[in-house]
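>>> based on what follows, work out the 3D shape:
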Amino acid sequence: MDQWMVALALCVVLLVLLYKWSVAKYDVFSERGVAHEKPWPLIGNIPIKGMIGDMPVLKKMIEMHAKHSGSPVYGIYALREAVFFVRDPELIKLIGIKEFDHFVNHNSMHHNTQESILAKSLISLRDGRWREMRNILTPAFTGSKMRIMYDLIQSCSEEGVIHIEEQLELSQDGSIDLEMKDYFTRFANDVIATVAFGISVNSFRRKDNEFFRIGQAMSRIGAWSVLKAMLYALFPRLMKALRVQVLDSRNIDYFSSLVTAAMRYRHEHKVVRPDMIHLLMEAKQQRLADLQDKSKDAQYYSQFTADDLLAQCLLFFFAGFEIISASLCFLTHELCLNRTVQDRLYAEILAVHQELNGQPLTYDKLTKMKYLDMVVLEALRKWPPSISTDRECREDIDLCDENGKKLFSARKGDVVQIPIFSLHHDPENYEDPEFFNPERFAEGQAAESRVYLPFGVGPRNCIGNRMALMEIKSIVYQLLLNFKLLPAEKTPRDLLNDLRGHGLKPKHGFWLKFEARQ
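Numbering: from 1, shown residues only. All right, here's what the predicted structure looks like:
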């Protein structure tokens, strides 16, 4: 009996200690005077249904943002960690641009990438090493370099059209229903394969090709991946000690071998191909020249290694594979439900097609299409590719507006989130934000938006935004030129409420009906 009492007492003590540990950091917002809701032990303000993918996550974010209207900053406990959400436009400019030196880095709590090759990627690098890599990579993403890669992307867009035409030929009634997430993932896969890894794969014809299959496996967010990410957030040292990997090293090795083989072949055979590997090899050579240049202070330069190059290719892969396919799903969903917008866009596309008089579409023609630009900008406003971005404060600073009024006192180590999706759906920033209205971005009207951050903000914004826009516009041009995009029987009418879980995909998928244009 005494042993049972001792065991029970130990259990009680352990439970009390666990509770104390789980709530130990929950006084941060109260002490700082930051608006917040009462957290639950251990999970904080993260709903359990959100963790298991059983609630409309984006809708919940908008509701949480709206609750704190009038507060420049509000707080959310993500498990045990305090995260400051910034909703004031002036404060966002201060953090992202004017006081950028205080907020250079992304959150250092991203422990789950630090043990992988992705630790060398641009998104993970910190301080001086990030600045150096950004400077190395920036020349690879200029308009002139995008023009060089345009033909590769255009070729993938044309293959996507051929695939739908072949399906329509087999149709009984001249129309087909397509699940667009699968379709655009195959398109994005082919673009990334040719642009970032230097290989040509046609995922519409070779449906189970190795590049696509491994890419799918790497980008899939399952329950086990979510659990590992949570455990890394709660017990980073333990997870590192146990050598738990979030990314499968065998998949990383596959992509590594592709890049290594491509670089070796090109070097030995003096092959030049207008893609990302070529541009990164050029950057690598330029860095070597800088290191050997006696007129430059070499102590401020570090090597650009093969691992550095691979890390950037992997980053482009993750960004292109998921973000581009999702953005295209949302954009075409809006076009099928907004017939007036689709008809006006088709008229512009048809006019450009007739001007070309049988010649292929050029990069310059594509980038000068005004209404296409407006439609894409509005789609990225309503469905931004990144729902939020974060920064970590390097040292204490009082952030004040132009009149000297203090908006927020940031302290060293604070993690601040800029909730892009919620800001884009805030009526204070956009009138009737759930209405798809490209006219918001008509010439002279863009100033209406107080906050527009589809690719982030300031010096640490997305370096590949030009390429993303080129990809999106290229395939949309081809699809609208050749097909009518109509709602299918399974097309969700209330998309915001239908998006559940971490993959941000409707319960029954992104379905569209295609009919050939006469």
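>>> could you use CA atoms for every contact and neighbour count after this?
Will do.
>>> beyond the helix or strand of the chain with the lowest mean pLDDT, next helix or strand please.
In the chain, no helix or strand scores lower on mean pLDDT, DSSP states H and E than helix 111-114, which sits at a mean of 46. Per DSSP states H and E, the first helix or strand lying C-terminal to helix 111-114 is helix 127-137.
>>> check which residues of that following helix are buried.
Arg129, Trp130, Glu132, Met133, Arg134, Ile136, Leu137 (16 or more other C-alpha atoms under 10 Å).
>>> in the following helix or strand past it, which residues are buried?
Counting by DSSP H and E, the element after helix 127-137 in chain order, helix or strand, is helix 143-169. Under the neighbour-count criterion of 16+ other C-alpha under 10 Å, helix 143-169 has 145-147, 149-154, 156-157, 159-161, 164-165, 168 buried.
>>> please apply the same query to stretch 361-375.
Leu361, Tyr363, Leu366, Tyr371, Leu372, Asp373, Met374, Val375.
>>> element containing the closest residue to the first one other than its chain neighbours?
It refers to Leu361. Using C-alpha to C-alpha, 6 or more residues apart in numbering and skipping residues adjacent in sequence, the residue nearest Leu361 is His353, 7.5 Å away. Using DSSP H and E, His353 sits within helix 339-356.
>>> next SSE after that helix?
Using DSSP H and E, the helix or strand that directly follows helix 339-356 along the chain is helix 363-367.
>>> so how far is whatever helix or strand comes next after that following helix off the chain centroid?
Following helix 363-367 in sequence order, the next helix or strand is helix 370-382 (DSSP H and E). In terms of C-alpha atoms, centre = their mean, to the nearest Å, the centre of helix 370-382 is set 17 Å apart from its chain centre.
>>> tell me the contacts of the residue nearest the centre of the chain?
Nearest to the geometric centre of the chain sits Ser386, at 4.2 Å (C-alpha atoms, centre = their mean). Ser386 sits next to Ile323, Ile420, Phe421, Pro454, Phe455, Gly456 when contact means C-alpha atoms under 8 Å, 6 or more residues apart in numbering.
>>> 7 Å - rerun?
Contact partners of Ser386, counting by C-alpha atoms under 7 Å, 6 or more residues apart in numbering, are Pro454.
>>> Ile117 reaches Cys313, doesn't it?
No: when contacts are counted by C-alpha atoms under 7 Å, Ile117 is not listed as touching Cys313 (10.7 Å).
>>> more crowded one of the two?
Ranked by neighbour count (other C-alpha atoms under 10 Å), Ile117 and Cys313 place Cys313 first, with 25 against 19.
>>> quick one, what contacts the more buried one?
Residues in contact with Cys313 (C-alpha under 7 Å, 6+ apart) are Ala196.
>>> now do Arg87
By C-alpha under 7 Å, 6+ apart, the neighbours of Arg87 are Pro72, Val73, Leu423.
>>> what helices and strands are in contact with the helix holding His353?
With contacts taken as 3 or more C-alpha pairs under 7 Å, 6 or more residues apart in numbering; DSSP states H and E, helix 339-356 sits against helix 465-482.
>>> switch the cut-off to 10 Å
Under the contact criterion of 3 or more C-alpha pairs under 10 Å, 6 or more residues apart in numbering; DSSP states H and E, helix 339-356 touches helix 325-337, helix 363-367, helix 370-382, helix 465-482, strand 483-487.
>>> now do Ser203 against Tyr150, distance only.
19 Å (C-alpha to C-alpha, to the nearest Å).
>>> how about Glu31?
53 Å.
>>> which residues does His163 contact?
The neighbours of His163, taking C-alpha atoms under 10 Å, 6 or more residues apart in numbering as the test, are Tyr183, Phe204, Arg205.
>>> kindly reformat these as TSV containing secondary structure and neighbour count.
Shown next, in TSV, are these (DSSP: H, G, I helix; E, B strand; the rest coil; neighbours: other C-alpha atoms under 10 Å):
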residue	secondary structure	neighbour count
Tyr183	helix	20
Phe204	coil	19
Arg205	coil	11
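>>> in CSV, list the residues you listed along with pLDDT.
Output for the contacts of His163, formatted as CSV (pLDDT from 0 to 100):
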residue, pLDDT
Tyr183, 96
Phe204, 93
Arg205, 92
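>>> looking at these, which is nearest Lys59?
Tyr183 (25.8 Å; C-alpha to C-alpha).
>>> I figured that closest one hits Asn202, correct?
No: applying C-alpha atoms under 10 Å, one finds Tyr183 not in contact with Asn202, separated by 11.9 Å.
>>> related to what we said a few turns ago, in a strand, that's where the residue nearest to the centre of the chain is, yeah?
No: counting by DSSP: H, G, I helix; E, B strand; the rest coil, Ser386 is not part of a strand but coil.
>>> secondary structure class for the nearest residue to Asn338 once chain neighbours are set aside?
Spatial nearest neighbour of Asn338, excluding adjacent residues (C-alpha to C-alpha, 6+ apart): Phe436 at 7.9 Å. Classification of Phe436 using three-state DSSP returns coil.
>>> start at 47 instead
In the new numbering, first residue 47, that becomes Phe482.
>>> so who does Phe482 touch?
Contacts for Phe482 (C-alpha under 10 Å, 6+ apart) come out as Leu377, Glu380, Leu381, Leu383, Asn384, Val387, Val421, Glu424, Ala425, Arg427, Lys428.
>>> save the buried residues of helix 173-183 as a markdown table, and put in distance to Phe257 too.
Below are the buried residues of helix 173-183 laid out as a markdown table (distance: C-alpha to C-alpha, whole Å):
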| residue | distance to Phe257 |
| --- | --- |
| Arg175 | 31 |
| Trp176 | 29 |
| Glu178 | 31 |
| Met179 | 27 |
| Arg180 | 28 |
| Ile182 | 28 |
| Leu183 | 25 |
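>>> my read is that Thr184 contacts Asn507, right?
No: counting by C-alpha under 10 Å, Thr184 sits too far from Asn507 to count as a contact (11.7 Å).
>>> quick one, which of these two is more surrounded?
Asn507 (15 against 12).
>>> do you know how far Ile182 is from Pro500?
The value you get for Ile182 to Pro500, if C-alpha to C-alpha is used, is 24 Å.
>>> could you do Cys57 as well?
For Cys57, the distance to Pro500 equals 49 Å [C-alpha to C-alpha].
>>> more neighbours, these two?
Using other C-alpha under 10 Å as the criterion, Cys57 and Pro500 rank with Pro500 on top: 25 against 12.
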